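Trainee: starting from these lines, generate the structure:
(2 chains)
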Protein chains: 2
Amino acid sequence: MYLEKINGSEDVKKLSMEELHALAGEMREALFHRLTHTGGHFGPNFGVVEMTIAMHYVFNSPVDKFVFDVSHQTYPHKMLTGRAYGCLDENRFHEISGYSEPSESDHDFFTVGHTSTSVSLATGLAKGRDVTGGTENIIAVIGDGSLSGGEALEGLDYAGEMKSNLIIVINDNEQSIAEVHGGLYKNLTELRNTNGKAENNLFRAMGLDYIYEEDGNNIEKLIALFEKVKDIDHPIAVHIHTQKGKGYAPAEENREAWHWCMPFDRTTGQPTVTFAGEDYSTLTEDLILSKMKKDPSVVFVTAAVPSNVGFPKANREKAGDQYIDVGIAEEQAVAMCSGIAKNGGKPIFGTNATFIQRTYDQISQDVCINKSPVTMIMNYTSVLGLNDVTHLGIYTIAMLGNIPELVYLAPTCKEEYLAMLDWSIEQQEHPVVISIPGNGVHAAKYPVASDYSQINKYQVCKKGDTVAVLALGDFFQLGEEAVSEIEKQTGRQVTLINPRYASGLDLELLEDLKKDHSVVVTLEDGILEGGFGQRVAAYYGASDMKVQNFGLKKEFYDRYDAAKLMEENHLTAGQIAEDVKNLLDD
Amino acid sequence: MYLEKINGSEDVKKLSMEELHALAGEMREALFHRLTHTGGHFGPNFGVVEMTIAMHYVFNSPVDKFVFDVSHQTYPHKMLTGRAYGCLDENRFHEISGYSEPSESDHDFFTVGHTSTSVSLATGLAKGRDVTGGTENIIAVIGDGSLSGGEALEGLDYAGEMKSNLIIVINDNEQSIAEVHGGLYKNLTELRNTNGKAENNLFRAMGLDYIYEEDGNNIEKLIALFEKVKDIDHPIAVHIHTQKGKGYAPAEENREAWHWCMPFDRTTGQPTVTFAGEDYSTLTEDLILSKMKKDPSVVFVTAAVPSNVGFPKANREKAGDQYIDVGIAEEQAVAMCSGIAKNGGKPIFGTNATFIQRTYDQISQDVCINKSPVTMIMNYTSVLGLNDVTHLGIYTIAMLGNIPELVYLAPTCKEEYLAMLDWSIEQQEHPVVISIPGNGVHAAKYPVASDYSQINKYQVCKKGDTVAVLALGDFFQLGEEAVSEIEKQTGRQVTLINPRYASGLDLELLEDLKKDHSVVVTLEDGILEGGFGQRVAAYYGASDMKVQNFGLKKEFYDRYDAAKLMEENHLTAGQIAEDVKNLLDD
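Mentor: The predicted structure is shown next:
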């Protein structure tokens, strides 16, 4: 086996062409080994095996520096830089992340996970090199899907006026996560169809030099290509045409389904893990599709992650023109929603919480200042959700909860989520963001309102005295448990409140609690700093009320064990009860 | 006078060509009348007089809908839609804003002020029209400078796959605020030089239809052009070449200086208002230029607003390759800084606070997760700064203060600002953001540290007891006044603390205050929600300490009187003392 002996570019260079081909085969086997067990990004990795080999053959990593966009295609790169164990050895799978990670290797320069960043980061490496007298090659790799993102386009444009070495590899596999969207993809098609010869050329229009290689899975041709651009004295776009999912028929045939996979059986292509029961994706799609049927002005907008919030292919077809995928372009998505709302439509934007931060300015300026009635639903806001440091949703309350005019709804169960979503789509007064519960689908135990227009009106679910627990969103169930535990330990009846709104205070209710409560506990599924609970604490700051906020400490967490992290942050019912008891005893 | 009789498109249409020319002259006179008195955006408005007349002549506003990018070029549009008084009548200047504003007129659809948004907003209006059965024209206007912004490029790309009416007017005056930057401008030049015939065409590469008009200040030609594209059934880029500042020689000759002007004398072109004394812009440029001289790895990055933070033309020339203007492209700027820092450079990004929200994702992902030692300096964070609702900096602490790993420094005076900036540029551990004081240049009254590496270490400026005032950043002087006032009213010695760090708590000091203090007051120049003070309140939530936070209520404020707004938010020294006295009396 060649793979096990490779620790970097210098080892790749020693291999003959025949050996490189064998190496590619070994690398795909290693990918199968890991991905059948752990799941993960399939298509992106299988498509760039040859490209990665050729890059390491020609360039001299880590002196020459590679920056991979999203970096969900870096298993081949990791394998060639001393980390093959992460794909070969089941016991060591956990030692490598699914993204580039400097703490693992000097061959990685950035912890990344969001799209469209590689060109900009690489322009910075190039400038850093130039001002410190370096001479190395800087190579950015970016997929065609990522090109529609504002940061990537800004990066290409700026690169177009730089005057020193920068090699931008466009890995064009004719696919984003779902199908590509945007006018620029017509130009990519034209370029592919003309073997890169078309006069009209997005990259040249951005001021870049340009070269094309049709056979992007051919090691020899890629080596020749990279040899040609190595040590070039100006920026160049190196456009290569690859096959996403190359080497596995099901993935080549269904590129969307195999962008990311669950653990699977290689023979059948079927996942070996299944989830039963209801999920919020299905609930969301059912509600929105039924509204779309009745009302042609209801429009669902995604920025390239349709399936995460209820729009797999079949639903997209049902929705027709009421479904919009703007490509990886969250800024466009949110600003467009504001326009739709201002011209009589009912827009719903859905995405993962971690991506909503890519459009902070548009939420504030284009939507909230304009009070556009846009509905934004966010998946994975919870500490229980995605746990890669680049994909955490636990900063969302602090990020969005303090933007004026934005109504941030935090539903506690299925019925409340659906009622909030329904209300939000129909109302015409407020920009609304709704966090999709991340702790499984719970049924309502308390009455669920259908009208949320009385902004910041909390719901008292259970009236007690002395201690009140304000349990926000999907920490409501934890709040229920904590209430039971406190009651058990103190013998008192505890008040349980569903705040419903993460973005404001129910001043009347908070004032009222002063009458017969001395301790207020807040729970929220996110960082404490800038969050919901600190607002409550500030409200009571000058009073005798004792306030204890429960949530997570402001920090970047990476691939954590959620139960352990919760415990470290005093987020078990027992710990909360204990803390409250101490407060009462004070 | 024709202008006074015009209340909308229908009145413009009645005029003969000769009368339209006279109207253009009247409109320029009206612009002179307003701008010589109030100052404001000069070049953008003078350049689009003919375009605006032709738009109203051909289209039927407000049924046909215009969306102006930035909307700093909308005085001509305002004049033609019943708001000429805002330029003709000195007593009514204040009745119109410098940007498009729906509350003024049905002819305005969005309150905007940030760049690069018009295309995205217009795609939304177009989609809203399509799903509600409308047939009107949607017209976006965008300047060449704004094209480099990610949102604009995302918008153009998405527009390139739309299938219904959308007219995108590219107002190309060969200028951003300063000179344009980015590779795409080479393509614009090529298009202008070939009368729009060049084969390589950015807009076509984005999937758009395209048409060019060289004579963008010629009413007849523009009318013919717009007639051609009116009611078109697909998106088209209408590229027109205009003269920025048209009609005033000094502005035609120095487009950067006349992008925005102070009140001025028309004959001499000289401002009639001058500011004496030190300013932070000069202080910043002096420090950075002197560091650049000694260290070639120090790099200053701007996103098209160089002069706001110390880089007028003369300094740009001095800085040479150590100065980078990425164009209007904040995402590129911040990500590039991360790359520069990772490859040995010392990057400083400077911009207005309101624009930093355009790069939240890059600050969090590209910089903070990677702990890249990037220095970001922000102007206009203060309630005392820019007061258009689209340009407020008062949300900055809440926005950035809760991002993990980001050290947010809030200097209280000149010496401290310079020391913090110096320290930040040289250190290699932290991403740092520094707010430039917005309350004038104050000299240090207390010792100023040179080393800020002990993160979150507050400075006790004056030790008293019972009451402690934590006065953050440029509210420090207000804190000093409040302390005097409290002392006067209570006869006690009050503790005065300079927190220095807006992003974290000095737990040791806060704990220590419990010994001999019963009231803690926080002051911050920003909204309370999600800010500095609420963190302090939460810290003391379960203790006996009384905490009162002073700052602004979370709201969008527009063209406010700062003194009045401060008073409404209990932000005078007298009010603060009064509130503290009430607390002590409780």
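Trainee: does stretch A:361-376 reach chain B?
Mentor: Yes - judged by C-beta under 8 Å from any C-beta of the partner chain, stretch A:361-376 comes into contact with chain B through A:361-362, A:364-366, A:368-370. C-beta coordinates here come from the backbone N, C-alpha and C atoms, glycine included.
Trainee: who wins for neighbours among the residues you listed?
Mentor: A:Asp366 (30 neighbours; other C-beta atoms under 10 Å in any protein chain shown).
Trainee: check which residues of the longest strand anywhere in chain A are buried.
Mentor: What stands out as the longest strand in chain A, according to DSSP state E, is strand A:517-527. Within strand A:517-527, the residues scored as buried using 16 or more other C-beta atoms under 10 Å in any protein chain shown are A:517, A:519-527.
Trainee: just stretch A:174-189 next, same as before
Mentor: Using 16+ other C-beta under 10 Å as the test for burial, stretch A:174-189 gives A:174-188.
Trainee: pick the one among those residues closest to chain B.
Mentor: A:Gly183 (1.5 Å; C-beta to the nearest C-beta).
Trainee: neighbours of the residue nearest to that closest one when sequence neighbours are not counted, how many?
Mentor: Leaving aside its chain neighbours, A:Gly183 sits nearest to B:Gly160 (1.5 Å; criterion: C-beta to C-beta, 6 or more residues apart in numbering or on different chains). Residues within reach of B:Gly160, counting by other C-beta under 10 Å, total 24.
Trainee: run through the residues that contact B:Gly160.
Mentor: Neighbouring residues of B:Gly160 by C-beta atoms under 8 Å, 6 or more residues apart in numbering or on different chains: A:182-184, A:186, B:206-208, B:235.
Trainee: tell me the residues of the stretch 351-500 of chain A that contact chain B?
Mentor: Residues of the stretch 351-500 of chain A lying near chain B by C-beta under 8 Å from any C-beta: A:357-358, A:360-362, A:364-366, A:368-370, A:389-390, A:395, A:398-399, A:401-405.
Trainee: can you list the domain ranges for chain A.
Mentor: Domain assignment of chain A by automatic domain parsing yields the ranges A:3-257, A:280-435, A:459-585.
Trainee: tell me which of those domains is the most buried.
Mentor: Of all those, domain A:280-435 has the most neighbours on average by mean count of other C-beta atoms under 10 Å in any protein chain shown, namely a mean of 24.
Trainee: run the chain-centre distance for it.
Mentor: Averaging C-alpha positions (C-alpha atoms, centre = their mean, to the nearest Å) puts domain A:280-435 14 Å from its chain's average.
Trainee: straight-line length of it, end to end?
Mentor: Criterion C-alpha to C-alpha, to the nearest Å; first-to-last residue distance in domain A:280-435 is 11 Å.
Trainee: average model confidence for that domain?
Mentor: Average pLDDT, domain A:280-435: 96.
Trainee: how much distance is there from the longest helix along chain A to the middle of the chain?
Mentor: As assigned by DSSP state H, the longest helix anywhere in chain A is helix A:17-38. Taking the mean of its C-alpha atoms, helix A:17-38 sits 27 Å from the chain's own mean (C-alpha atoms, centre = their mean).
Trainee: next: stretch A:429-436.
Mentor: Counting by C-alpha atoms, centre = their mean, stretch A:429-436 is centred 19 Å from the centre of its parent chain.
Trainee: do the same with stretch A:78-88
Mentor: 25 Å.
Trainee: now stretch A:485-494
Mentor: Relative to its chain's centre, stretch A:485-494 lies at 40 Å (C-alpha atoms, centre = their mean).
Trainee: and it, end to end?
Mentor: End to end - C-alpha to C-alpha - stretch A:485-494 spans 10 Å.
Trainee: do stretch A:441-449 as well
Mentor: 18 Å.
Trainee: pLDDT averaged over it - what is it?
Mentor: For stretch A:441-449, mean pLDDT rounds to 98.
Trainee: repeat that for stretch A:56-64.
Mentor: Mean pLDDT, stretch A:56-64: 98.
Trainee: can you tell me what sits against that stretch?
Mentor: By C-beta under 8 Å, 6+ apart, the list of residues contacting stretch A:56-64 reads A:8-10, A:12-13, A:15, A:20, A:55, A:66, A:77, A:80-81, A:105-107, A:109, A:136-139, A:219, A:223, A:226-227, A:230.
Trainee: chain B next: which of these are close?
Mentor: The subset of those within reach of chain B, by C-beta under 8 Å from any C-beta, is A:Phe109.
Trainee: interface residues of the stretch 151-300 of chain A facing chain B?
Mentor: By the rule C-beta under 8 Å from any C-beta, the part of the stretch 151-300 of chain A lying against chain B is A:151, A:153-161, A:181-187, A:199-202, A:204-208, A:296-297, A:299.
Trainee: in which helix or strand does the nearest residue to A:Leu153 once chain neighbours are set aside reside?
Mentor: Spatial nearest neighbour of A:Leu153, chain neighbours left out: B:Leu153 (3.7 Å); criterion: C-beta to C-beta, 6+ apart. Element membership for B:Leu153, per DSSP states H and E: helix B:150-159.
Trainee: and what of A:Ile377?
Mentor: According to DSSP H and E, A:Ile377 maps onto strand A:375-379.
Trainee: list of residues touching that strand?
Mentor: Defining contact as C-beta under 8 Å, 6+ apart, one finds that strand A:375-379 is touched by A:280-281, A:284, A:308-309, A:334, A:337, A:346-353, A:356, A:363, A:385, A:393, A:396, A:421, A:424-425, A:431-436, A:438.
Trainee: can I get that strand in PDB? Just the C-alpha atoms.
Mentor: Output of strand A:375-379 as PDB, limited to C-alpha atoms (Å, rounded to 0.1, in the frame of the first residue of the first chain):
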ATOM      1  CA  THR A 375     -40.300  34.800   7.800                       C
ATOM      2  CA  MET A 376     -37.000  33.200   8.500                       C
ATOM      3  CA  ILE A 377     -36.800  29.700   9.800                       C
ATOM      4  CA  MET A 378     -33.600  28.300  11.200                       C
ATOM      5  CA  ASN A 379     -32.500  24.800  11.700                       C
END
